[in-house]
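1. My questions concern the predicted model and sequence given below.
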Amino acid sequence: MDWLRYGAQHYPDRICINEYTYKDIYGGVLHVASELLPLESSRVAILSDNSVIMAIYVLAAMLAHKEVLLLNVHLKPNEIKNQLKQLGVTTVLHSQDRRNQLPDSMCVIEFE
């Protein structure tokens with residue numbers, strides 16, 4: 001994550017991803033990472049279509065030293081449940097549009 005911190009410090013207003021600057025992305029990553037750090041689980045899954053927000057959550061999970069499982073959005077709910085069970089993942093970060101694919105028994109955190 002040194003590259004992102006470096007970009008935010010040395011050229012904060014330069015575009016990093018799409019129309020978002022290094023300052024924007026790094027600020028978002030720090031915020032989300034602070035929310036993920038208290039989680040007891042060392043693994044999290046992410047279910048989302050590709051987006052800047054998804055990238056922020058992936059980077060934040062990495063910064064929080066969480067192993068990340070990226071779930072295929074084309075999987076059916078029972079396939080997702082099986083993958084999560086096999087890998088021992090109990091927490092899923094997700095976009096609003098993907099909540100209906102997740103089992104109710106999971107700890108789910110919707111993207112802000």
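-> Right, received. Where do you want to start? From a predicted model like this one, the values you see are computed outputs, not experimental measurements. Numbering: from 1, shown residues only.

2. Which helix or strand contains P12?
-> Here P12, judged by DSSP states H and E, is contained in no helix and no strand.

3. residue contacts, it?
-> By CB atoms under 8 Å, 6 or more residues apart in numbering, P12 lies in contact with T21, Y22, K23. All C-beta atoms are positioned from the backbone trio N, CA, C, and that covers glycine.

4. Pretty sure the second one sits against G7.
-> Think Y22. Yes: with contacts counted by CB atoms under 8 Å, Y22 reaches G7, the gap being 3.7 Å.

5. Who are the contact partners of the closest residue to L63 other than its chain neighbours?
-> Distances taken as CB to CB, 6 or more residues apart in numbering place A33 nearest to L63, at 4.2 Å, with adjacent residues excluded. If you count contacts by CB under 8 Å, 6+ apart, A33 has them with A60, A61, L63, A64.

6. again with I109
-> E35, T91, V92, L93, H94.

7. got it, and V68?
-> Contacts of V68 (CB under 8 Å, 6+ apart): R43, V44, A45, I46, V58, A61, M62.

8. picking that back up, what helix or strand is the residue nearest to L63 located in?
-> Per DSSP H and E: helix 22-36 holds A33.

9. residues in contact with the helix or strand harbouring A61?
-> Per DSSP H and E, A61 falls inside helix 52-63. Helix 52-63 has contacts (CB under 8 Å, 6+ apart) with 1, 4, 17-18, 20, 25, 28-33, 35-36, 44, 46, 48, 68, 70, 93, 95, 111-112.

10. Now that we have those, which of them are buried?
-> Neighbour counting over the contacts of helix 52-63 (16 or more other CB atoms under 10 Å) leaves 4, 20, 25, 28-30, 32-33, 36, 44, 46, 48, 68, 93, 95, 111 as the buried ones.

11. which of the residues you listed lies closest to D104?
-> Closest to D104 out of the buried ones among the contacts of helix 52-63 is L93 (16.3 Å), distances taken as CB to CB.

12. quick one: strands adjacent to the lowest-mean-pLDDT helix or strand in the chain?
-> Least confident helix or strand of the chain, by mean pLDDT, DSSP states H and E, is strand 107-110 with a mean of 80. Take DSSP bridges as the rule and strand 107-110 pairs in its sheet with strand 91-94 (parallel).
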